[in-house]
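**Q** this one's sequence-less:
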């Protein structure tokens, strides 16, 4: 018998690139009758404590998490850490290194934009972000705010996207290091949104690197694609995860409420941690 409840194990707050502050995110999840959620901001755990506190108040279980960026075959790949000890020294060291690299990247992007005549600085971006993780999205929003682009999409298409004049590659730890640190922090490493087209070799590589689960439930995935990933997880002997990857209004629309991971998978993931 399936345990009752709704779970979403992939959510962002304004501590990275989401629009909701942590407590607001929990309240919205509660209003949608979620009983378990995970806060998984990019390269930061700054929103976890507030979310956990609000979850305790509303009887919503908040799983501490993080989303780490890595490179697989030169492609940007994300690995979720769920059930982590968000005060673990090794995890915090990796996060701080990633944050320093992000700040340096932002400065380099600003320099390249200035080289092509756009009057914007790294400080113009940093002074207006609410969280600790800064990325290209924040620069894209700053370009719009300063009248240098008509939309975030145009910012990426004209300036910030790959092969555009202000594109700067992001530093990322290797997948094995990401998985090792997540497990050292008592969590479980999950391959996030593996793709709209199934690449079994990629999934197998990342499972070999240490991922113990696959995100099979995702808002853009059809039922048949989810079933394919669930079967692949079974064949590889790993768990199944899922979530909405909600960023609030930051990325066109909020997916909160569109994905509900069956509780049996939450229980299985918890057994795989550490």
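**A** Alright, I've got the coordinates. Computed from a predicted model, the values in this text were never measured in an experiment. Numbering: from 1, shown residues only.
**Q** for the stretch 1-150 of the chain, which spans come out with low pLDDT?
**A** Where the stretch 1-150 of the chain drops to pLDDT under 70, the residues are 1-2, 127-132.
**Q** what about the strands in it?
**A** Along the stretch 1-150 of the chain, counting by DSSP state E, counting those that start in this stretch, strands occupy 7-11, 36-39, 61-72, 75-82.
**Q** Would you mind putting these into a markdown table with distance to residue 102 alongside?
**A** Every residue, glycine included, has its C-beta placed from N, CA and C. Formatted as a markdown table, the strands of the stretch 1-150 of the chain follow (distance: least, CB to CB, whole Å):
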| stretch | distance to residue 102 |
| --- | --- |
| strand 7-11 | 20 |
| strand 36-39 | 19 |
| strand 61-72 | 10 |
| strand 75-82 | 14 |
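**Q** Once you drop chain neighbours, what's closest to the spatially most central residue of the chain?
**A** With distances taken as CA atoms, centre = their mean, residue 67 lies nearest the centre of the chain, 4.0 Å away. Counting by CB to CB, 6 or more residues apart in numbering, residue 67 lies nearest to residue 40, which is 4.6 Å off, once chain neighbours are set aside.
**Q** Could you report the neighbour count for the closest residue to residue 69 other than its chain neighbours?
**A** Nearest non-adjacent residue to residue 69, counting by CB to CB, 6+ apart: residue 172, 4.7 Å away. Residue 172: 20 surrounding residues under other CB atoms under 10 Å.
**Q** list the contacts for residue 172?
**A** 69, 70, 71, 76, 98 (CB atoms under 8 Å, 6 or more residues apart in numbering).
**Q** filter the residues you listed to the buried ones?
**A** When the contacts of residue 172 are checked for burial by 16 or more other CB atoms under 10 Å, the buried set is 69, 70, 98.
**Q** Does the first one touch residue 41 like I think?
**A** No: taking CB atoms under 8 Å as the definition, residue 69 is not a contact partner of residue 41, at 11.9 Å.
**Q** Of the strands of the stretch 1-150 of the chain, which is nearest residue 92?
**A** Judged by CB to CB, the one of those that comes nearest to residue 92 is strand 61-72, at 10.2 Å.
**Q** Show me what that closest one is packed against.
**A** strand 7-11, strand 36-39, helix 48-58, strand 75-82, helix 89-115, helix 175-184, helix 200-209 (3 or more CB pairs under 8 Å, 6 or more residues apart in numbering; DSSP states H and E).
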